[in-house]
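Q: here is a sequence with its predicted model. Questions after.
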Amino acid sequence: MAENNGNNLISIQNLQVHYKISGGLFKETKHVKAVDGVSLDIKKGETLGLVGESGCGKSTLGKAILRLTEPTGGQVFYQNKNLVDDLSYLQIFHKISVAAIFAAAIFIVILISKFIFSDYFSSGLNNLLTVILSVLNNLLTVILSVLLGSAVMIILICWIIKSVMLYLSDRKMRENRKDLQMIFQDPYASLNPRMTVGQIIAEPIRTFNLSNGGNIEAKVQDLMETVGLNRRFTKRYPHEFSGGQRQRIGIARALAVDPEFIVADEPISALDVSIQAQIMNLMAKLQKEKNLTYLFISHDLRAIRHVADRVAVMYLGKIVELGDAKTVYAEPLMPYTKALISAVPIPDPEIEANRKRIILQGDVPSPINPPPGCHFNTRCPYAIGECKKIKPKLVEIKPQHFAACIRISAEKPHIEENKESGLGIVGN
């Protein structure tokens with residue numbers, strides 16, 4: 001839940017990212033609701049783990065916080081400064097410009113048609129009618145020319161206004177970009193293959209004018225040593241490194257500008273298990289040394305359990321559970337969270353062989369047309385009729401442990417017991 005708290009470094013309020021995929025003048029507009037009204041806080045110095053199935057909107061949320069993906073609604077506060085400008089009014093200019101483009105196209109078609117058929121209609125007429133038609137023809141030409149010129153001017157004015165407002169918004173965000181960095185999922189695709197490692201790490205330093213000359217090279221070498229790479233490797237290219245080494249380069253690049261907040265978008269998913277542990281230990285070490293704050297995105301619940309202080313569980317663009325990492329793993333409240341945790345293998349053959357996994361039925365619904373009410377109602381074994389009608393709110397069930405389900409409450413937090421007792425709605 002988003003609250004006004006001095007300890008919060010990042011505060012997200014009703015953040016939305018909707019992608020338009022169809023629509024027009026005569027078609028229904030549809031949107032992919034990748035992030036649909038997310039509100040949460042990230043405290044200074046903590047690691048917030050974000051988990052969920054593939055396609056639930058985790059990476060989109062991380063990019064929207066940094067405005068690498070532009071939000072379509074909501075607010076993101078960094079140190080009480082709103083990073084998301086309200087640019088919804090630009091849609092008005094967009095619609096006006098689209099209408100002007102259609103009008104201009106119509107005027108052009110009419111003008112062309114008039115020139116083609118004017119001689120045809122005037123042939124065979126007496127002189128008086130020919131003169132009258134000629135005058136009307138010239139008058140119509142002037143009117144259409146004026147209208148066409150006006151439409152073009154409207155298009156240009158709308159384009160200039162949109163460009164200026166977007167430029168001002170981007171320039172405002174650039175002032176905070178140094179403090180907000182990202183470690184990308186693919187350690188190879190995120191590195192420019194035409195640049196040496198030294199150039200890659202030095203690029204943000206030069207961009208923000210944090211150093212110059214020989215100081216940059218010295219800082220790059222120090223950063224490489226910080227992440228466990230030989231300082232002599234600065235002249236090498238990304239393809240000359242292993243996957244784990246490339247991810248270390250990505251971490252060094254993120255650290256180059258001394259950020260406060262880092263979004264780690266599945267930084268270990270493409271790495272071997274032994275390398276995963278090294279990267280997680282490195283990130284934990286750097287966090288202690290530099291007082292960093294992480295949003296650690298992953299579908300690997302074992303990794304989240306190892307690095308996170310708190311865990312947020314995401315399903316179909318919404319946060320469905322939020323709490324202390326140990327509490328969420330030991331006493332999950334949501335059926336969805338329980339199913340995710342049950343999918344994590346246990347490194348004990350006897351326990352693993354005898355335990356019962358929770359297998360959800362059905363597939364994840366489309367974010368284009370999510371189910372009404374609770375988005376999880378199509379797969380939840382505890383769903384009742386009201387689950388299809390009521391949208392559950394993320395509320396505090398236990399101290400600092402939040403969940404979004406109408407079948408649990410602070411007084412009755414165990415959904416299995418509520419079902420056995422025949423209880424329906426116990427909270428909202």
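A: On my side now, so go ahead.

Q: and Val320, that one's in a strand?
A: Yes. The assignment for Val320 (DSSP: H, G, I helix; E, B strand; the rest coil) places it in a strand.

Q: if we ignore the residues flanking it in sequence, what's nearest it?
A: Ala404 (4.8 Å; Cβ to Cβ, 6 or more residues apart in numbering). (Each C-beta comes from the backbone N, C-alpha and C, glycine too.)

Q: neighbours of the one you found, how many?
A: Counted with other Cβ atoms under 10 Å, residues neighbouring Ala404 total 25.

Q: pLDDT wise, what is it at?
A: Looking at Ala404, its pLDDT reads 93.

Q: contact partners for it?
A: Ala404 makes contact with Lys318, Ile319, Val320, Glu321, Met334, Cys374, Pro392, Lys393, Leu394, Val395 under the criterion Cβ atoms under 8 Å, 6 or more residues apart in numbering.

Q: buried ones among those residues?
A: If you count burial by 16 or more other Cβ atoms under 10 Å, the buried members of those come out as Lys318, Ile319, Val320, Glu321, Met334, Cys374, Pro392, Leu394, Val395.

Q: beta partners of the first one?
A: Looking back up the chat, that one is Lys318. On the basis of DSSP bridges, Lys318 is bridged to Tyr315.

Q: that one and Asp36 touch, don't they?
A: Yes. Applying Cβ atoms under 8 Å, one finds Lys318 in contact with Asp36, separated by 5.6 Å.

Q: one step back: out of the contacts of Ala404, which is nearest to Ala151?
A: Lys318 (42.5 Å; Cβ to Cβ).

Q: quick check: closest non-adjacent residue to the most centrally placed residue in the chain.
A: The chain has Thr60 as the residue nearest its centroid, 2.3 Å off, counting by Cα atoms, centre = their mean. Residue nearest to Thr60 in three dimensions, not counting chain neighbours: Ala34, with 4.3 Å by Cβ to Cβ, 6+ apart.

Q: could you measure from Val227 over to Gln221?
A: 11 Å (Cβ to Cβ, to the nearest Å).

Q: comparing those two, which residue is more hemmed in?
A: Between Val227 and Gln221, counted using other Cβ under 10 Å, the more crowded position is Val227 (22 against 18).

Q: distance of the more buried one from Leu255?
A: 7 Å.

Q: where do the contact lists of those two overlap?
A: Common neighbours of Val227 and Leu255 (criterion: Cβ under 8 Å, 6+ apart): Leu286.

Q: just to revisit the earlier point, which one of the contacts of Ala404 is nearest Leu286?
A: Using Cβ to Cβ, Ile319 comes nearest to Leu286 of the contacts of Ala404, at 26.7 Å.

Q: return the alpha-carbon coordinates of stretch 37-48 using PDB.
A: The C-alpha trace of stretch 37-48 is given here as PDB (Å, rounded to 0.1, in the frame of the first residue of the first chain):
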ATOM      1  CA  GLY A  37      -3.600   0.400 -10.700                       C
ATOM      2  CA  VAL A  38      -0.500  -0.600  -8.700                       C
ATOM      3  CA  SER A  39       0.200   1.200  -5.400                       C
ATOM      4  CA  LEU A  40       3.100   0.400  -3.200                       C
ATOM      5  CA  ASP A  41       6.100   1.900  -1.300                       C
ATOM      6  CA  ILE A  42       9.800   1.000  -1.500                       C
ATOM      7  CA  LYS A  43      11.700   2.000   1.700                       C
ATOM      8  CA  LYS A  44      15.100   3.400   1.600                       C
ATOM      9  CA  GLY A  45      17.800   0.800   1.900                       C
ATOM     10  CA  GLU A  46      15.500  -2.200   1.400                       C
ATOM     11  CA  THR A  47      15.100  -4.900  -1.300                       C
ATOM     12  CA  LEU A  48      11.600  -5.300  -2.400                       C
END
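
Q: mean confidence (pLDDT) on it, please.
A: 93.

Q: check the secondary structure at Leu111 for me.
A: Leu111 is classified as helix under three-state DSSP.

Q: leaving out chain neighbours, which residue sits closest to it?
A: With sequence-adjacent residues excluded and distances taken as Cβ to Cβ, 6+ apart, Leu111 is closest to Leu144, at 5.2 Å.

Q: in terms of contact, does that neighbour touch Ile112 like I think?
A: No. Contact criterion Cβ under 8 Å: Leu144 and Ile112 do not qualify, at 10.3 Å.

Q: which one of those two is surrounded by more residues?
A: Using other Cβ under 10 Å as the criterion, Leu144 and Ile112 rank with Leu144 on top: 16 against 10.

Q: same for whichever helix or strand the more buried one is part of, what does it pack against?
A: Following DSSP states H and E, one finds Leu144 within helix 127-177. Under the contact definition 3 or more Cβ pairs under 8 Å, 6 or more residues apart in numbering; DSSP states H and E, helix 127-177 sits against helix 90-122.

Q: A helix includes His18, no?
A: No. Counting by three-state DSSP, His18 falls outside a helix, being strand.

Q: hey, what's it bridged with?
A: Lys33.

Q: now it: how far from Asp170?
A: In terms of Cβ to Cβ, His18 sits 21 Å off from Asp170.

Q: and Tyr315, what does it touch?
A: Contacts of Tyr315 (Cβ under 8 Å, 6+ apart): Gly52, Glu53, Cys56, Tyr336, His375, Phe376.

Q: let me fix that, I meant to ask about Gly362.
A: So, once contact is read as Cβ under 8 Å, 6+ apart, Gly362 ends up touching Thr378, Arg379.

Q: doesn't it lie inside a helix?
A: No. Going by three-state DSSP, the assignment for Gly362 is coil, not a helix.

Q: gap between it and Glu350?
A: Counting by Cβ to Cβ, the gap from Gly362 to Glu350 is 31 Å.

Q: now the closest residue to Leu340 other than its chain neighbours: phi and psi?
A: Nearest non-adjacent residue to Leu340, counting by Cβ to Cβ, 6+ apart: Leu301, 6.1 Å away. Dihedral pair for Leu301: phi -70, psi -20, per degrees, to the nearest 10.

Q: what about the helix or strand hosting Gln199, average pLDDT?
A: For Gln199, the element it lies in under DSSP H and E is helix 197-207. When pLDDT is averaged along helix 197-207, the result is 92.
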